[in-house]
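1. Let's see this in three dimensions:
(4 chains)
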There are 2 protein chains.
Amino acid sequence: MNQRSFEEVHFVEECGLMFELMGLPRMAGRIFGWLLICNPPHQSTGDLAEVLQASKGSISTITRMLIQTGLIERVALPSQRRDYFRIRLNAWPQMTKQHLMQVTAFRQLAEKGLMLLEGENPQLLQRLEEMRDMHAFMEQELPLMIDRWEQQRSSPKIGTIADLTPVNQTPPASVPMIG
Amino acid sequence: MNQRSFEEVHFVEECGLMFELMGLPRMAGRIFGWLLICNPPHQSTGDLAEVLQASKGSISTITRMLIQTGLIERVALPSQRRDYFRIRLNAWPQMTKQHLMQVTAFRQLAEKGLMLLEGENPQLLQRLEEMRDMHAFMEQELPLMIDRWEQQRSSPKIGTIADLTPVNQTPPASVPMIG
DNA sequence: CAATAGGTTCAATATCTATTGAACATTCGC
DNA sequence: GCGAATGTTCAATAGATATTGAACCTATTG
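-> Model (predicted):
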């Protein structure tokens, strides 16, 4: 009876593939994909294991990763023992913030490279200077872009998703940000 | 004699790890990393195989991938049989364009999801609407950002890198862009 | 407090992907 | 056109990573 429709399975698999493209485990994409379309929008470990036909261990490991990266959160239902997971509000800006960290890492790498070539013919430096400058530029621009997004979305709508209490042991994915 | 210094090896390896983080083969990062710091800035398949201690096959496969994604290009030296590779000018905006394709794919996926939930309780749609809207927003913003970058870098400097002729069989990484 | 459901951990395994290397193709000089 | 140098392809392998599943905690309920 709890059969997922063909379209639902397909959606979940496609999401898995997209996550794989981004270098994340396919199962992370499956979990995220299911949480995008499930009803109710919060699901327990057991639910996920059943629907996605995966082991509880797998679900446990990967939900932890998804929480850590800020894409989902753990919520508690009033009178239930189980934990539930759901998509985190602002999951996507969060991804951009992750991306921003990569950008910073690349800028720093370029700077290391430039130190290696110190004193060399300026022509040789061009490659690394472009890399450094482009990433420094993005370090400026991306936060502004996120700001514009959060502003444009005038009504923050926080709280409308549901009345569930996010479990507070889940910090807002304390992401080490650039200095 | 052609020993790479410890720092150079380290730089190359770090670049490899960063590429791996992005879901690309580590060896792609190594090749790219070496092309960032090598002197001269163009290197043949053989050079790369020797310096990176990898098989020619590996180099061949991965340079093809890097060309395909627009990060490096193949150049011909006037009186030499060999092909050489070098970092492509504008390699990094190119990466952002690749990223843009992913963004589009995510928006489309969100739209598929919304079709699945057609007629459902609006609360259930929120997750997917946020996903769609955020990605549509980035589809607007990222090209503008690239424009700003290309403008800010007032002197295009094209041609100053070297007088080598890019091999024309290498199209500018014909990237299928969004409609 | 015992029983049980829910969740986590971790060693073992299955699966996948990068990498090799040898055979093959191509180009260019002589 | 022949031979040497260079580059490519692809089946086999090595290596890495995701996934499982059984043992182990922990919390709740009666």
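
2. ok, the residue of chain A most remote from its centre - contacts?
-> Distance from the centre of chain A peaks at A:N121, with 41.6 Å (CA atoms, centre = their mean). By CB atoms under 8 Å, 6 or more residues apart in numbering or on different chains, the contact set of A:N121 is B:N39. (Glycine included, C-beta is placed from N, CA and C.)

3. Nearest to DNA strand D: which residue in chain A?
-> A:G57 (2.2 Å; CB to the nearest atom of the strand).

4. Report the mean confidence score over stretch A:142-158.
-> Averaging pLDDT along stretch A:142-158 gives 83.

5. buried stuff in that stretch?
-> Buried residues in stretch A:142-158, counted by 16 or more other CB atoms under 10 Å in any protein chain shown: A:142, A:145-146, A:149.

6. what does that stretch contact?
-> The contact list for stretch A:142-158 (CB under 8 Å, 6+ apart) reads A:89, A:93, A:96-97, A:99-100, A:103, B:126, B:133-134, B:137-138, B:141, B:145.

7. follow-up on the earlier one: tell me if the helix or strand harbouring the residue of chain A closest to DNA strand D is near DNA strand C.
-> Using DSSP states H and E, the element containing A:G57 is helix A:56-68. Yes: shown here: helix A:56-68 in contact with DNA strand C (CB under 7 Å from any atom of the strand) through A:56-57, A:60-61, A:63-64.

8. Beyond that helix, next helix or strand please.
-> Next element after helix A:56-68 (DSSP H and E): strand A:72-76.

9. The next helix or strand after that following strand and DNA strand D, are they touching?
-> Remark: after strand A:72-76, the chain's next helix or strand is strand A:83-87, criterion DSSP H and E. No: Strand A:83-87 does not reach DNA strand D (CB under 7 Å from any atom of the strand); its nearest approach is 10.4 Å.

10. which secondary structure element contains the closest residue to A:L52 other than its chain neighbours?
-> Nearest non-adjacent residue to A:L52, counting by CB to CB, 6 or more residues apart in numbering or on different chains: A:R30, 5.3 Å away. Assigning secondary structure by DSSP H and E places A:R30 in helix A:26-37.

11. Using CSV, write down the CA coordinates of that helix.
-> Extracted in CSV, the C-alpha atoms of helix A:26-37 (Å, rounded to 0.1, in the frame of the first residue of the first chain):
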residue,chain,number,x,y,z
ARG,A,26,23.7,9.5,-4.2
MET,A,27,21.8,8.4,-1.2
ALA,A,28,22.0,11.9,0.2
GLY,A,29,20.2,13.1,-2.9
ARG,A,30,17.6,10.4,-2.5
ILE,A,31,16.9,11.3,1.0
PHE,A,32,16.7,15.0,0.1
GLY,A,33,14.6,14.2,-2.9
TRP,A,34,12.1,12.3,-0.9
LEU,A,35,11.9,15.0,1.8
LEU,A,36,11.1,17.4,-1.0
ILE,A,37,7.9,15.6,-2.1
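
12. What residues of that helix count as buried?
-> Counting neighbours by 16+ other CB under 10 Å, one finds that the buried residues in helix A:26-37 are A:26-37.

13. Kindly report the same for stretch A:56-73.
-> Buried residues in stretch A:56-73 (16+ other CB under 10 Å): A:58-59, A:62-63, A:66-67, A:69-73.

14. So which residues of chain A form strands?
-> Taking DSSP state E as the criterion, chain A carries its strands at A:43-44, A:72-76, A:83-87, A:165-166.

15. nearest to B:L21, of the ones you listed?
-> strand A:72-76 (20.7 Å; CB to CB).

16. Close to DNA strand D: what parts of chain A are there?
-> Near DNA strand D, when you scan chain A using CB under 7 Å from any atom of the strand, you find A:24-28, A:53-58, A:61-62, A:79, A:81.

17. if we go to 6 Å?
-> By CB under 6 Å from any atom of the strand, the residues of chain A that approach DNA strand D are A:25-27, A:54-58, A:61, A:81.

18. Same list (those) but as TSV, adding pLDDT.
-> Below are those laid out as TSV (pLDDT from 0 to 100):
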residue	pLDDT
A:P25	92
A:R26	94
A:M27	95
A:A54	95
A:S55	95
A:K56	94
A:G57	95
A:S58	96
A:T61	95
A:R81	73
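
19. Among the residues you listed, which pair sits farthest apart?
-> Farthest apart among the residues of chain A next to DNA strand D - using CB to CB - are A:R26 and A:R81, which lie 29.8 Å from each other.

20. Run the chain-centre distance for stretch A:30-50.
-> From the chain centre to the centre of stretch A:30-50 is a distance of 16 Å (CA atoms, centre = their mean, to the nearest Å).

21. ok, now stretch A:55-68?
-> Centre to centre, stretch against its chain (CA atoms, centre = their mean), the figure for stretch A:55-68 is 14 Å.

22. which residues touch that stretch?
-> So stretch A:55-68 is contacted by A:25, A:27-28, A:31-32, A:45-46, A:48-49, A:52, A:72-74, A:85, A:170, A:173 (CB under 8 Å, 6+ apart).

23. go with 7 Å
-> Outside of stretch A:55-68, the residues within contact range by CB atoms under 7 Å, 6 or more residues apart in numbering or on different chains are A:25, A:27-28, A:31-32, A:45, A:48-49, A:72-74, A:85, A:170, A:173.

24. The residue of chain A closest to DNA strand D and A:I67: what is the separation?
-> Computed as CB to CB, to the nearest Å, the A:G57 to A:I67 distance reads 16 Å.

25. cool, A:R153 as well?
-> Distance from A:R153 to A:I67, by CB to CB: 23 Å.
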